[in-house]
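Enquirer: let me see the structure of the following:
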Amino acid sequence: FTSGNSISINEYGKDRVRVFPNPSNGIFYVEGVELNQKIKIYDVAGKLIKILDVNNNKLFSFDLSDVEKGIYFLKLTNQNIVKKIIIK
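Expert: You can find the predicted model right below:
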């Protein structure tokens with residue numbers, strides 16, 4: 001039995017969190033993040049680049065303009081969500 005409306009566990013909750021603009025020149029905004037958690041930014045090799053404390057769950061901004069162009073991963077620690085972000 002298969003269903004066309006299934007959702008994987010990894011996708012659950014991703015629509016609640018939005019990162020924009022993506023790609024960006026380094027300034028990003030995140031919407032839908034729970035308070036009192038950390039955002040961790042990793043490069044493609046898995047190296048931790050930056051840790052940010054969330055202080056506003058409506059719209060949170062952060063600046064990665066000092067980081068090299070490329071692909072990075074944003075991990076929301078409490079919500080167990082990972083988003084790919086691109087710096088151009």
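Enquirer: which stretches of the chain have low pLDDT?
Expert: Scanning the chain for pLDDT under 70 picks out the ranges 1-15, 57.
Enquirer: so the residue lying closest to residue 60 once chain neighbours are set aside versus residue 45, what's the distance?
Expert: Closest residue in space to residue 60, ignoring its immediate chain neighbours: residue 30 at 4.7 Å, by C-beta to C-beta, 6 or more residues apart in numbering. C-betas here are computed from N, CA, C, even on glycine. Noted for residue 30: a distance of 23 Å to residue 45, by C-beta to C-beta, to the nearest Å.
Enquirer: compare these two and say which one has the larger neighbour count.
Expert: Between residue 30 and residue 45, residue 30 has the larger neighbour count (other C-beta atoms under 10 Å), namely 22 against 5.
Enquirer: so what strands line up beside the helix or strand where the more buried one lies?
Expert: Assigned by DSSP states H and E, residue 30 belongs to strand 27-31. According to DSSP bridges, strand 27-31 forms sheet pairs with strand 18-20 (antiparallel), strand 60-63 (antiparallel).
Enquirer: buried residues in the last one, which are they?
Expert: Residues of strand 60-63 classed as buried under the neighbour-count rule (16 or more other C-beta atoms under 10 Å) are 60, 62.
Enquirer: which is the next helix or strand following that strand?
Expert: Heading C-terminal from strand 60-63 (DSSP H and E), you reach strand 70-76.
Enquirer: give me the next element, helix or strand, following that next one.
Expert: Note on strand 70-76: by DSSP H and E, the next helix or strand toward the C-terminus is strand 81-87.
Enquirer: give the other helices and strands that the helix or strand following the strand holding residue 30 contacts.
Expert: Sequence-wise, the next helix or strand downstream of strand 27-31 (DSSP H and E) is strand 38-43. Counting by 3 or more C-beta pairs under 8 Å, 6 or more residues apart in numbering; DSSP states H and E, the packing neighbours recorded for strand 38-43 are strand 48-53, strand 70-76.
Enquirer: out of those, flag the one nearest residue 85.
Expert: strand 70-76 (5.1 Å; C-beta to C-beta).
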